[in-house]
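In: just to be clear, the model below is a prediction. Sequence and coordinates:
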Number of protein chains: 2
Amino acid sequence: MDVTKSNFQTVLEALDDELKNASFVSIDTEFTGLSSTEGRNSKLSSLDTPPERYKKVLNGTSQFVIIQFGLSIFRFDNSISKYVNKTYNFYIFPNTSTLPGLCDTKFLSQASSLGFLASQGFDFNKLIKEGIPYLNLVDEEKLKVILEKKSKLLHLRSDASSTQVSELPADQKGFLNNITSKVETFLQNEENEEKSNAALELHCSTIQNELIFSHVKYRYPKLLFEISKKTSSGCTVIVKKTGIQNSKTEPSGTDNNVSEMEKFEDNVGFSRVIRKITDSGKLVVGHNMLLDLCHILGQFCAPLPEDYHDFKGMVNTFFPRFIDTKVMATTKPFRDILQNSALERLLSSLLAAPFRSIEIVPATGFPSYTDNFKNHEAGYDAFITGRCFLAMANYLEDISSSQSKTTAVHESSFITPFYQKIFMMMVPDIPYMTISGPDLEPSREHVFHVTFPSEWKLQDIFHLFSVHGTVRVDWTGDTSAFVTLHRKENSPFVLRAMAESKLPVGCSVISYKHYLDRKSQNATLSAEVPDLSSRKRLSSAVECNSCDFPSPKKIRKDVKNVKLNKEQFVVSADWD
Amino acid sequence: MDVTKSNFQTVLEALDDELKNASFVSIDTEFTGLSSTEGRNSKLSSLDTPPERYKKVLNGTSQFVIIQFGLSIFRFDNSISKYVNKTYNFYIFPNTSTLPGLCDTKFLSQASSLGFLASQGFDFNKLIKEGIPYLNLVDEEKLKVILEKKSKLLHLRSDASSTQVSELPADQKGFLNNITSKVETFLQNEENEEKSNAALELHCSTIQNELIFSHVKYRYPKLLFEISKKTSSGCTVIVKKTGIQNSKTEPSGTDNNVSEMEKFEDNVGFSRVIRKITDSGKLVVGHNMLLDLCHILGQFCAPLPEDYHDFKGMVNTFFPRFIDTKVMATTKPFRDILQNSALERLLSSLLAAPFRSIEIVPATGFPSYTDNFKNHEAGYDAFITGRCFLAMANYLEDISSSQSKTTAVHESSFITPFYQKIFMMMVPDIPYMTISGPDLEPSREHVFHVTFPSEWKLQDIFHLFSVHGTVRVDWTGDTSAFVTLHRKENSPFVLRAMAESKLPVGCSVISYKHYLDRKSQNATLSAEVPDLSSRKRLSSAVECNSCDFPSPKKIRKDVKNVKLNKEQFVVSADWD
């Protein structure tokens, strides 16, 4: 079922019950792009460690956004011994209107990604016009603080029988005096000249805009105050003559306030779905989840931490129980049976022997996806991820016992080894990140880090290692590369042999361990330099070294205590 | 007339003649966003100098892209003494397919801008599916070099009766040997095991992909070679058994080559329209053109230079004769007659007295825009920009002579003072950039730069200057601002008065001139530090200090001489 702004509220209201009754949920997302940088620093390598891979994903993808989210809810119905499914396909787009305190989201797109989605029938007009907005916890709290501040100002105004300038924030008095004198001058000038289309432009911040409406406008019933050119940092108020000599002023205060709180709820929008999933504590299943998780957390929860260990904490906080079907499909026993772990091909393998078919029935009112292929629609992909999960979980039960089971396989104890592991593409010896504990640390004694003159080609490296057999080369720069021996047994001899034969000028070879030590030394050094990146760190959220990520409650509280940007309350630019 | 991929070629072919016969053309563009940064450094100020403004635009907008381009061609028909109009509305979208050497464009969007365009009926599905691609001169030449290199490789192959490994680029031999041995192993293994769905994945760069197809594939008629997961930096080639024991190999070489040269032309796409406009030498009219010009030049011509003077040179090279109707509307005599220079409002003013109506007839086959309002469609906005230009040019003729003219007003000598000037928003004393010569340098003796403690509020600054009358404050940071006296006659006394009365601790006041001097000193200092920004400079293009920007021919030549990235030809990543 497609979900857009128009039916979102209805879907959201039913979600608590649906999640409560769910056996598990599966998810999938579609983004505006996959990889934003092309340099070697963000290129995936088969020797990436989990922290290195996380850093690459963080730097390379954080500006793209999720534009579609598939949520497939599976409920095992004991009475029919079948899974009943409800799949939602949410269209998600950042807030396009301007509300004081809401930033105007900028995001990156990759032409090929949008082209691909368009070729699959993705409706971009629907997305932009009808997409559901969202706010992460930090922005949600910031907005709440600003709305509360604003509401205070509005109350000041509605309590006032005359201009209570003495009740105003001290730093705004000068602004209001200035504006009032401009409006007076305008009124007098224009009345003399009798121009009907004369207008006065007042540039101000969002808070000042409110002040104009709450403290200035009502004194001039002959004038029309209109907002034009609204941006995130402020707006221009246009003052014109109404033509009507005694027009009524608009009702004000509490009404405005109520509608703004409604707008606020609307703007938290899709993020509330993620909060409900977290709160439900239900198993969440995804396929090749690293990008999905990073985007979901960063876009709907809180800014992603720089540190990989804090990322682990964050995942555990928001997704305390998840399974990545790509991890299942690429580890034993499945990796020996399945040829390909790409989602569509995986499904087609799992529909044939030795896998047992599992009947899934769509809930009333929900279309069946079983014969209705919509590859690369987030809802469809979430659904087939759930199907793949069930098929594999079932198989694990089957091979462990001679009896065929008819109970709910999602409760099987055989799936627990797969909890909290995220598939890591292209790294044969560390195939997944272990989110619930320490990562795998395979021996890389057959890997060497080589630096060489810039004119070197692949052949020169092959030549350097020729006595040790064939090697694989992973470039790390124009003058450096990792070299992996195919014959691991030759590893102990390499460094000695290199030392004995004279290395070419400008060339050095060190062990992988030595390379890592150097790298961590450099990291310590550079950590002493102030962080120049624009990524904002949550005060306490990312400081912890353990996996204890602050709870959503704590994140909200932290934001409340953060001093807001001066500019949001202080007069800023051009008054002319 | 909407122009997309499907009718672009036809439109392009007719364009030379149409431009040749044109009296002038008007243009307009729609972007994916307006302002990408929110910090003070990119905030427009009423005291910006032209170089400062250019820098802000350059830093704040360069990641957005033009998605619609309106070109309105006006031809004065002497036989009917009327202008005949053809308006084209081009949908423009970066290349979404992958061609070796073409980068996969990433661009920024601003949610509110897309939302606004969607609300005006912009069709994003049409844009992404049918948008015309483009290449600037630099990327065009790079692509050409790569295709030529590739074509050489293909010829090597088609000439060869057997594998002429000795004719290969030396650095690719190792790669090919490795691939060949993998394919051999695969063939032997799988034949033994008799698995029908077995597949071998080969990761390679785009050039290597070609090498596989030109040097390996034809040796294995029993195997199927398919490309999957194509990205800008490379792809994965999947090798499978065909099932057919002696399948024919595909025809190769020259045919492929021809179709790639066609694809190349397609990819230069819309940029050819801009080149034709430049070559025509016709007057180009736009409205509030700074963003339009920056985007047009950067997207379709060459990367924008860092230096403002080089930018002037670049504009003069590609748009040797242009007029900004916003400059006309805001200078004498129009600024005294027109209340608002925003395009729609400007048009409605120009349709009434004292302006004379000018009849414009649509050319055969072109719909009339005169009664068909499509505000914020690039084509429509280009058309009404042309209408506004004609109305104002006509008026200049009218007031200069008692006789009403019936000849073509675009030839009027009264418009020449407006040539090569770009409107500069919000700067009252420098209302435009002068592209053909030195910029205006108004006296700013009544402006002072003040630094103060961070706890200062607006009131404190007002207080500091209170004896000199009212002031305007433009914040330049949390602890600094420009202060402009409303009473210019008090300017000479400020610094002396400040020196005589004791300034508060942490506070300093300097003249605007002094501030500029300091700034240029700092700029000189920081220019000695290597440039860390990612923006690439054209080797010779931006080095010149005069307004001599290299010709398109020179730009192409420079690119040819640039050494291409090693990575594009050298084996790069993971072979496993």
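Out: Great, that's in hand. Residues are numbered from 1 along each chain as shown, chains lettered A, B, ... in the order given.

In: need the nearest residue in space to A:A393, chain neighbours excluded.
Out: In this structure, A:A393 finds its nearest non-sequential neighbour in A:V409, 4.2 Å apart by C-beta to C-beta, 6 or more residues apart in numbering or on different chains. Any C-beta I mention is one placed from the backbone N, CA and C, and that applies to glycine too.

In: dump the residue contacts of that neighbour.
Out: A:358, A:390, A:393-394, A:397 (C-beta atoms under 8 Å, 6 or more residues apart in numbering or on different chains).

In: adding secondary structure, write these out as JSON lines.
Out: Output for the contacts of A:V409, formatted as JSON lines (DSSP: H, G, I helix; E, B strand; the rest coil):
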{"residue": "A:I358", "secondary structure": "coil"}
{"residue": "A:L390", "secondary structure": "helix"}
{"residue": "A:A393", "secondary structure": "helix"}
{"residue": "A:N394", "secondary structure": "helix"}
{"residue": "A:E397", "secondary structure": "helix"}
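
In: now the residues you listed: which count as buried?
Out: A:390, A:393-394, A:397 (16 or more other C-beta atoms under 10 Å in any protein chain shown).

In: need the max-distance pair from those residues.
Out: Distance extremes for these: the farthest pair is A:L390 and A:E397 at 10.6 Å, using C-beta to C-beta.

In: in the stretch 451-576 of chain A, what residue lies closest to chain B?
Out: A:K457 (4.0 Å; C-beta to the nearest C-beta).

In: was I right about that residue contacting B:D171?
Out: Yes. Using C-beta atoms under 8 Å, A:K457 makes contact with B:D171 at a distance of 4.0 Å.

In: compare the two (neighbour count), which wins?
Out: A:K457 (19 against 16; other C-beta atoms under 10 Å in any protein chain shown).

In: any figure for the gap between the more buried one and A:C507?
Out: 13 Å (C-beta to C-beta, to the nearest Å).

In: can you give me the strands in the stretch 401-550 of chain A?
Out: A:421-423, A:432-434, A:447-451, A:471-477, A:480-485, A:508-511 (DSSP state E, counting those that start in this stretch).

In: quick one, which of the ones you listed is packed in tightest?
Out: Stretch with highest mean neighbour count among the strands of the stretch 401-550 of chain A: strand A:421-423 (a mean of 23; mean count of other C-beta atoms under 10 Å in any protein chain shown).

In: for that strand, the averaged confidence score.
Out: What strand A:421-423 shows for mean pLDDT is 97.

In: residue of the stretch 101-250 of chain A nearest chain B, please.
Out: For the stretch 101-250 of chain A, C-beta to the nearest C-beta, closest residue to chain B: A:G115, 2.6 Å.

In: mind listing what that residue touches?
Out: Here A:G115 is in contact with B:93, B:96-97, B:128-129 (criterion: C-beta under 8 Å, 6+ apart).

In: that older thread, ok, the buried ones among the contacts of A:V409 vs B:L34, which is closest?
Out: A:L390 (48.2 Å).

In: okay, that closest one: pLDDT?
Out: Looking at A:L390, the pLDDT reads 94.

In: and the one 10 residues further on, by the same measure?
Out: At A:S400, the predicted lDDT confidence score is 82.

In: now it, nearest residue through space, not along the chain?
Out: A:F414 (6.3 Å).

In: make CSV out of the contacts of A:G115 and add neighbour count and pLDDT.
Out: Shown next, in CSV, are the contacts of A:G115 (neighbours: other C-beta atoms under 10 Å in any protein chain shown; pLDDT from 0 to 100):
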residue, neighbour count, pLDDT
B:F93, 29, 97
B:T96, 21, 85
B:S97, 15, 75
B:I128, 23, 97
B:K129, 18, 96
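
In: those residues of the stretch 251-400 of chain A touching chain B, which are they?
Out: A:339-340 (C-beta under 8 Å from any C-beta of the partner chain).

In: look up how far B:S228 lies from the residue in the stretch 251-400 of chain A that chain B sits nearest to.
Out: Closest approach between the stretch 251-400 of chain A and chain B, counting by C-beta to the nearest C-beta: A:Q339, at 5.3 Å. As judged by C-beta to C-beta, A:Q339 and B:S228 stand 14 Å apart.

In: now swap in A:V145 and tell me
Out: 49 Å.

In: among those two, which residue is more densely surrounded?
Out: Each of A:V145 and B:S228 has its neighbours counted (other C-beta under 10 Å); A:V145 has more, 16 against 11.

In: in a helix, that's where that one is, yeah?
Out: Yes. Assessed by three-state DSSP, A:V145 belongs to a helix.

In: what about the helix or strand containing A:N177, distance to the chain center?
Out: Per DSSP states H and E: A:N177 is located in helix A:173-193. Its chain's C-alpha centre and that of helix A:173-193 lie 47 Å apart, by C-alpha atoms, centre = their mean, to the nearest Å.

In: I'd like the distance from the following helix or strand past it to the chain centre, please.
Out: Of the helices and strands lying after helix A:173-193 in sequence (DSSP H and E), the nearest is strand A:199-204. In terms of C-alpha atoms, centre = their mean, the centre of strand A:199-204 is found 38 Å from the chain centre.

In: what does the stretch 51-200 of chain A put close to chain B?
Out: Checking the stretch 51-200 of chain A against chain B by C-beta under 8 Å from any C-beta, the hits are A:63, A:93-98, A:103-112, A:114-119, A:123-125, A:127-129, A:170-171, A:173-175, A:178, A:195, A:197-199.
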